[in-house]
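Asker: what would the 3D arrangement of this be:
(chains A, B, C and D)
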Number of protein chains: 4
Amino acid sequence: MSENKYWGFIKDPIHGYIRLTEVEKTIIDTLSVQRLRRIRQLAGAEYVYPAANHTRFEHVLGAMYLAGAVVDNLPIKLPEFEKQKVRLAALLHDVGHAPFSHLFEPLLLKYLNRNHEEMSTWIIAESKLADAIRKQGFDSTEISKLAVGESSDSEKRFLGQVISSSFDVDKMDFVVRDSYHTGAGYGSIDVFRLIYTMDVLDGNLAADITALPTLESLMLARLESFRAIYFHRACRAVQIMLLKALDYAKDDLSILKISTPDEYLEWDDYILWSKLFENQKSREIIKALSARRLLKCVYEKTFYVKDELVSNIFTKESVRRKLEEEIAHRAQVPVEEIDIDVPSLPSVPYHYGMEIGPIDIPIFSKTHSGEKITQKITELSKVVEELHAFMNIIRVYTSEQHREQVGRAATEVLGESPLSDALSH
Amino acid sequence: MSENKYWGFIKDPIHGYIRLTEVEKTIIDTLSVQRLRRIRQLAGAEYVYPAANHTRFEHVLGAMYLAGAVVDNLPIKLPEFEKQKVRLAALLHDVGHAPFSHLFEPLLLKYLNRNHEEMSTWIIAESKLADAIRKQGFDSTEISKLAVGESSDSEKRFLGQVISSSFDVDKMDFVVRDSYHTGAGYGSIDVFRLIYTMDVLDGNLAADITALPTLESLMLARLESFRAIYFHRACRAVQIMLLKALDYAKDDLSILKISTPDEYLEWDDYILWSKLFENQKSREIIKALSARRLLKCVYEKTFYVKDELVSNIFTKESVRRKLEEEIAHRAQVPVEEIDIDVPSLPSVPYHYGMEIGPIDIPIFSKTHSGEKITQKITELSKVVEELHAFMNIIRVYTSEQHREQVGRAATEVLGESPLSDALSH
Amino acid sequence: MSENKYWGFIKDPIHGYIRLTEVEKTIIDTLSVQRLRRIRQLAGAEYVYPAANHTRFEHVLGAMYLAGAVVDNLPIKLPEFEKQKVRLAALLHDVGHAPFSHLFEPLLLKYLNRNHEEMSTWIIAESKLADAIRKQGFDSTEISKLAVGESSDSEKRFLGQVISSSFDVDKMDFVVRDSYHTGAGYGSIDVFRLIYTMDVLDGNLAADITALPTLESLMLARLESFRAIYFHRACRAVQIMLLKALDYAKDDLSILKISTPDEYLEWDDYILWSKLFENQKSREIIKALSARRLLKCVYEKTFYVKDELVSNIFTKESVRRKLEEEIAHRAQVPVEEIDIDVPSLPSVPYHYGMEIGPIDIPIFSKTHSGEKITQKITELSKVVEELHAFMNIIRVYTSEQHREQVGRAATEVLGESPLSDALSH
Amino acid sequence: MSENKYWGFIKDPIHGYIRLTEVEKTIIDTLSVQRLRRIRQLAGAEYVYPAANHTRFEHVLGAMYLAGAVVDNLPIKLPEFEKQKVRLAALLHDVGHAPFSHLFEPLLLKYLNRNHEEMSTWIIAESKLADAIRKQGFDSTEISKLAVGESSDSEKRFLGQVISSSFDVDKMDFVVRDSYHTGAGYGSIDVFRLIYTMDVLDGNLAADITALPTLESLMLARLESFRAIYFHRACRAVQIMLLKALDYAKDDLSILKISTPDEYLEWDDYILWSKLFENQKSREIIKALSARRLLKCVYEKTFYVKDELVSNIFTKESVRRKLEEEIAHRAQVPVEEIDIDVPSLPSVPYHYGMEIGPIDIPIFSKTHSGEKITQKITELSKVVEELHAFMNIIRVYTSEQHREQVGRAATEVLGESPLSDALSH
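Answerer: Here you go, the predicted model:
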């Protein structure tokens, strides 16, 4: 395949007309990709941002589009066939997501022994999708690795970095897209300023120093996503409730007993929601969600500075259980009515905490003689350095009727804390 | 209640911060309104516009916001209590929608003997929602009528016209919102130019002549919605398939045997999709949709000029059945494989055809002496007059494998017709 | 020159990053093009839309960008050298504009015997710009013709039509740009839907029928530009005042006595405004404009239907003078205080009237066999047909202090007419 | 005056419909405010961002609009008359700007002994504008102070802080507006999130902690304004050239000899540009600008870390002159051909450096008991703390023909430095 054959366009509100090749059109019209239409990008966020109903499907199209823009604009000329691989990998990078996206992750790990990236690899390499990919003349194992950021060519690590790195097309797309659909008002990122100045140095993707402000904006917007969306008090309440529903019903969910990727692909948000609604163990929670009777956050404290002792305590689930019991005891309510939430910890989904960490984008400047000198972004940008910074939130949730007493008990156990009303509900 | 007590804000990407009263917050957090989160605004459109995943929930919030803007800006001062009624009615105008919105309408009519507006009235006046409304100090019957455009005060017909008329808040919201989420690129309507110049003449809502261009844009955008979204070949294919699935499974769907509005409210897109997926009669269609194996349009002809003979023929379902049989016979395929679709006819959902019709917006101009002289919009705007114009499309669909022979047979039976490739899929 | 050598990017709020070739960068950095920075796109409109300060400079960059998009996306492959010619022609299509754009046109015609397009041709073919063009390896005469829509190759008329036709890049750019900068709220045109479907049939540019809605929107937006901007009462007042100032000072303006294009290029809005401010004959008008003491429209009547008699009368300047005298007499004010304005007539600038006329875009549909069948747009679109429609406005202006009596006198002379207050000032 | 009487609307692309009172309309239509139509917001930026032609006029309308939004939404109820004062002050806060805005500032200081804020006070309190203000029933001296941030009521310092403080309406407007018109792609700030949560604590304006992300975005966007616009290499080149032209022609500019504010108001960008073009001393520079023959930056070094020695040296103009001489000597070019630019220093206009400094916004959080606890923003936000951070740029400019040798000489004198090509020109 020397030339990509174009099939036509798809219209996207973020990127406009996305031009598809015949190969892409064929892969898009498989169950694996189409299923993403029924997996929300941000499970729970719609309870705070009513318009945040976007799905992983349009996100992967956007990621594919941006991946194409990156490889088309690199100073290094790449063969069309290689560009097509990168676009396909971007298209497929999220096929492994379970219903409710990140929320389901702990169950995936516990029962299927795979995280969502490993699910992606499994599906791309071994499901019917693998056949479809091979039929188009590509190596499904190679694509499955590229989709999680691993380039099969160690000289061309940048191919994987386009899909997965500190400034990959995944982030470039979702930061802008989440902002568009929530209306949250951050996230106007000039991604093409970044894309048009990218280069490859020593096999790695690198950004020109002129794009530094764009990188800073991207990272600030990403931080804001966490604060305004993922860690939002009411979004977290929804997630805690869904998690409880999953926990109650888990023995009856056949998704946790599957043995092939194709069985896994039968599950999406619609089917899982319906199962939870029908199941007597989880039904009450789903009914509460259906009428937006959410758990209430009665206590919240944010740590901007790293307190090792505090941090250590909250990393251990057993310690949290103990604290829940103490609060329950003082408030004289059943312990099931108390949920301590520490959103940045891996025990509760969204283990983004780690991802924020390693920011090692090589930034280059050109000298008069045309030579490219690289520096680390953290040497150049104090803002980026600070965005590493530690932020840890601890919250206590309970149901409406126990609000008063649990709030008081939590303050007695965990200490005074200011608590400001959120702007939106 | 003399003053509205504000509760807070919701963020909407179209209208920004929407301020809610305590009353509204209470009504929004009922099952009736929350259920709209799981009813898509445009069932089927997402197969062409991947980002068109918006729901009736955010639309009704938007309609409520615009209704508030209209009543706040009318030159006539209205008591706060009356304004609250209008906002509530706008909020509730769509609670009667069935899963898959308009698609389900023929079944509603046939089995429950109600269209979606009558379902709204029923729910608002007689479900648990009615109790919630009364508890807030409002007359649920009055609100139920206002929600479908009927003002209880015959001197104040404009109160109902805010909700339902040729330039109501429903249209103002959905035209802009559909365009935002599809990215279809029409629908940048300056609605406030219209809202800030509205007036009440003889008890009716009227628009100042300076807003005429906005009305023209609104109507052109609405026409474009039909062409680009509702009547799009592939959107219609999805709808035809969902309709077939419903038809096959209808005997097993308890929604068609309900006796109270509260039973009806248990159904939404998620539940219905899952039921259709589980039901052996409809399962194959849902699986086809899941992998985007859509029916193909093999014949299309558009009539811009009214041909009475043609029109008469296609109005009658029996004639269409006959034509389907003849095409099937010539193509040597089973008759179930042929679907003649006439999107503007009421037999297939979206009986928008009628709604386009009556455009009777009173437009006023002010004389030197301040007097307001009214004219009909069709006297003032040739463009609007033409937008009445007749457009009728006939299409023949079949499955992928019969494409060739059915296309040929349809042309033999229905005559030559140009067929251009659509830009997006 | 086989390949375009890229120089870099310019950032434009409408089109994003505009990539420039070395050739373009060189031509842009000439006096002829740079001068357009000081020629407003819409002289007078800023008095109504305060943010409408955009200039011909960014417009020609936008036109060049769109011209590139058209020629890059045509199914016909064009050599890079030919594409560069079209982009250059689009870049240069407006270099002939006088200060205050269209407003100066009657003086250009009367004293220099050239309209602005002929000035463009003159400048491109004979000024220092011509040398710059030749130095880059292009034929300046050929470019000068292409810039006004004339292709030197009669088999390739479409090359000129990209620059000047019913759906040229000039209109595509200014409709969207004027809307962006005025904030007028029309003009969200999906131009790429048009561009991606254009084709060449028999040497002419043609549009696919799937882009028909975009063409309709474009034309409606254009009509709206006239109503909301060009023909706006207060915009016209500013223009009438500027015209008067020009008329009073004309004997002292050396621009009207130039003999080479390079002399002409020394004039721009800044210089002309300053000259009019310094000149005793025009100073009072400029001072009035400086404090926004505008002429007032005391009478307005719009004719949507063609009345031949009325039309005939108003085409003749002598008749208008006579009417001005009669109104002056009845109102007992000096005749200089009365201005009858008929914005759609060529006697007053903006002879757009004619331009609206000929809409002959060939629209094609594809048959099953791939053949392209053309039809005229007016056969396909009632809306477009109506946009031809006749609209004629007659207005009477006078100064603030004579408002009352002139309004009365105008009504006596010209008949009763409604007059509504505009929304914005 | 108990109630504001509304006059109508102005349409702004940033804020939509801006509603004006009769008082505001009267003040807007004075020479002082109208003159701002001919003073660019960003003199020089249009050479890099072609669409950045916005003026101080639309900015002051935007600031007035936002000031109204702030005072209307504060929890403290203010009398209409007081709100009108704040809106007027915001409208008038920039009337003192000289042609070319900040660029002219050093001359203002040297010859007229006033900075632009003092010019504003002078004009508002003593020009014809003062009469107009008094005629509307307001105290012109009070407004003149409020316009520069000084509240006459020491209990109500927040009234002045709305106009001038770390998060005033001036910044809120210009950050968003500059981004809109440059297309620079930062500056999508959700200002209403900030406005809707503002409060007054101890007489000072304070922000709720929920708006912290908005403040961070605002400050990052502001920093980005400096980097991408104000300190852009080519923008600075234009400014240096304009400054030189002013310096050469200063003895002939009567604006520097005025004795009343009304004389000052006769000057704007148009008049000054024309004078500089006519003046033999400055003409060559203006001609160079007219053809975009800009000075070239041949050396650039950025200091992110504070180096006291370096800093001390560059603060002293005499040291810079010395360095210019040394570079000129080594490069064997006349010393006039060398310009060392240190954009963050007050010697060259834009003494923004200082303004970035004091960020003391009080941020409050609410406790359970409703009490509001304040903290400084720098205690809460590491990002904001870092935005204080030191950034100092030193650049050497020369004309095109001396590029090579001056570049080399500068490197010899000032040390090696990387220099990357900017993305846009």
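
Asker: what about the residue of the stretch 1-150 of chain A found nearest chain B, distance to chain D?
Answerer: Residue of the stretch 1-150 of chain A nearest chain B, by Cβ to the nearest Cβ: residue A:13 (3.2 Å). C-beta here means a position set from N, CA and C on the backbone, and glycine is covered the same way. Distance of residue A:13 to chain D, given as Cβ to the nearest Cβ, to the nearest Å: 15 Å.

Asker: do the same with residue A:416
Answerer: Residue A:416 is 8 Å from chain D, by Cβ to the nearest Cβ.

Asker: for the closest residue in space to that residue that isn't next to it in sequence, give me the pLDDT.
Answerer: Among residues not flanking residue A:416 along the chain, residue D:367 sits closest, at 8.0 Å (Cβ to Cβ, 6 or more residues apart in numbering or on different chains). What the model reports as pLDDT for residue D:367 is 72.

Asker: one more: residue A:36?
Answerer: Looking at residue A:36, its pLDDT stands at 97.

Asker: and it, which of the three is it?
Answerer: Classification of residue A:36 using DSSP: H, G, I helix; E, B strand; the rest coil returns helix.

Asker: hmm, it is touching residue A:97, no?
Answerer: Yes - if you go by Cβ atoms under 8 Å, residue A:36 and residue A:97 touch, sitting 7.3 Å apart.

Asker: which residues are in contact with each of these two?
Answerer: residue A:56 (Cβ atoms under 8 Å, 6 or more residues apart in numbering or on different chains).

Asker: circling back: so how far is residue D:77 from the residue nearest to residue A:416?
Answerer: Remark: distance between residue D:367 and residue D:77 (Cβ to Cβ, to the nearest Å) = 24 Å.

Asker: residue A:265 now?
Answerer: Distance from residue A:265 to residue D:77, counting by Cβ to Cβ: 59 Å.

Asker: compare residue D:367 and residue D:77 (neighbour count), which wins?
Answerer: Applying other Cβ atoms under 10 Å in any protein chain shown to residue D:367 and residue D:77 shows that residue D:367 carries more neighbours, namely 14 against 6.

Asker: OK, contacts around the residue of the stretch 51-200 of chain A found nearest chain B?
Answerer: At 3.2 Å from chain B, residue A:183 is the closest residue in the stretch 51-200 of chain A, using Cβ to the nearest Cβ. Residues in contact with residue A:183, defined by Cβ under 8 Å, 6+ apart, are A:49, A:51, B:11, B:12, B:13, B:14, B:16.

Asker: nearest to chain D, of those?
Answerer: So of those, ranked by how close each gets to chain D (Cβ to the nearest Cβ), first place is residue B:16, at 6.4 Å.

Asker: identify the residue nearest the closest one in space, chain neighbours excluded?
Answerer: Per Cβ to Cβ, 6+ apart, closest to residue B:16 is residue D:192, 6.4 Å.

Asker: just residue A:178 next, same as before
Answerer: In space, and not counting its chain neighbours, residue A:178 is closest to residue A:225: 5.9 Å by Cβ to Cβ, 6+ apart.

Asker: can I take it that the residue nearest to residue B:16 is in a helix?
Answerer: Yes - counting by three-state DSSP, residue D:192 is part of a helix.

Asker: from chain B, how far off is whichever residue of the stretch 251-400 of chain A sits closest to chain C?
Answerer: Nearest residue of the stretch 251-400 of chain A to chain C: residue A:366, at 13.3 Å (Cβ to the nearest Cβ). Distance from residue A:366 to chain B, counting by Cβ to the nearest Cβ: 37 Å.

Asker: mind checking how far that residue is from residue B:191?
Answerer: Using Cβ to Cβ, one obtains 49 Å as the distance from residue A:366 to residue B:191.

Asker: neighbours of residue A:300, how many?
Answerer: Each residue near residue A:300 was counted by other Cβ under 10 Å, and the total is 18.

Asker: secondary structure element holding it?
Answerer: Using DSSP states H and E, residue A:300 sits in strand A:296-303.

Asker: helices of the stretch 101-250 of chain A, residue ranges please.
Answerer: Counting by DSSP state H, counting those that start in this stretch, the stretch 101-250 of chain A has helices at residues A:105-107, A:116-126, A:128-135, A:140-146, A:157-163, A:169-182, A:191-195, A:212-225, A:233-249.

Asker: ok, the residue of the stretch 1-150 of chain A closest to chain B touching residue B:178?
Answerer: No - with contact defined as Cβ under 8 Å, residue A:13 and residue B:178 do not form a contacting pair (11.0 Å).

Asker: many thanks, we can stop here.
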